[in-house]
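1. here is my input; please provide its structure:
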Amino acid sequence: MEEQYDYYMMEGDQALASLDFQEASKNYNMALQSAQEGTLAMKLRPRTIVPTINLARCLRELARYKEAEDVLTTCIPKEDRDPPLDTRLHVRVLSTLAELYQAQSKYDAAAKLHEKAVGLARGCTPTLELAGSIAGYAETL
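-> This next block holds a predicted model:
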C-alpha cells in the first residue's frame with residue numbers, strides 16, 4: 001500500500017508541476033485512497049494532509065470550489081475529536097483554505113483564516129510557512 005501511495009504522490013506532483021490539474025487531482029485522490037486502506041491509515045495520517053492540500057489546490061484551479069472546501073475542512077482538527085495537526089501542516093491547511101476563499105472574493109473569511117494561520121505560525125521556528133501566511137494575509141487586505 002505504501003508503494004502505491006508513493007507512486008500516486010509522485011504522479012500527482014508531476015502533473016501539478018505541468019499544470020495538469022485534472023490529472024493531478026486524480027492522482028492525489030488515489031494517494032489518499034491508498035493511505036486510508038487498512039492499517040496504513042493510522043501510520044500515514046500526517047502524510048495524508050499534503051496530498052489533501054494539493055488536491056484542494058487543484059480543485060480550486062479547476063473552479064471546483066465547494067469540493068476544495070470540503071476536502072480542506074476534513075483536515076482541520078475539531079476541538080476535542082481529532083488529534084492536533086503538526087503546526088506547520090495546520091498553517092498550510094488554513095492558508096490554503098484562505099486562498100480558496102480569496103479566489104471566491106470571500107475576503108473577510110480569508111482574512112480571518114490568514115490571521116489564525118499567522119498566529120499559529122508565529123509559535124513555530126521562523127519558516128516559509130510564516131512568511132507565506134503573512135504574504136497571503138497582506139494580499140487579502
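2. check which residues of stretch 47-66 are buried.
-> The neighbour-count check on stretch 47-66 (16 or more other C-beta atoms under 10 Å) flags 47-61, 64-65 as buried. Any C-beta I mention is one placed from the backbone N, CA and C, and that applies to glycine too.
3. please disregard the earlier target; I meant stretch 99-114.
-> Neighbour counts over stretch 99-114 (16+ other C-beta under 10 Å) mark 99-102, 104, 106, 110-114 as buried.
4. show the end-to-end separation of that stretch, please.
-> 9 Å (C-alpha to C-alpha, to the nearest Å).
5. before we move on, the earlier item: so of the buried residues of stretch 47-66, which ones are in helices?
-> Among the buried residues of stretch 47-66, the members found in helices (DSSP state H) are 49-61, 65.
6. quick one: contacts for the closest residue to I76 other than its chain neighbours?
-> Distances taken as C-beta to C-beta, 6 or more residues apart in numbering put V93 closest to I76, at 6.0 Å, once the chain neighbours are dropped. V93 makes contact with 49, 52-53, 72, 75-76, 85 under the criterion C-beta atoms under 8 Å, 6 or more residues apart in numbering.
7. tell me the contacts of Y65?
-> Taking C-beta under 8 Å, 6+ apart as the definition, contacts of Y65 comprise 59, 100, 103-104.
8. so which of the buried residues of stretch 99-114 sits lowest on pLDDT?
-> Ranked by pLDDT, the buried residues of stretch 99-114 bottom out at H114, which scores 86.
9. from what I see, that one and V91 are in contact.
-> No - H114 is beyond contact range of V91, at 10.1 Å (criterion: C-beta atoms under 8 Å).
10. restricted to helices, list the buried residues of stretch 99-114.
-> 99-102, 110-114.
11. any chance of the buried residues of stretch 99-114 in CSV, plus distance to Y7?
-> CSV is the format used below for the buried residues of stretch 99-114 (distance: C-beta to C-beta, whole Å):
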residue, distance to Y7
E99, 28
L100, 27
Y101, 32
Q102, 33
Q104, 33
K106, 36
A110, 34
A111, 39
K112, 38
L113, 32
H114, 34
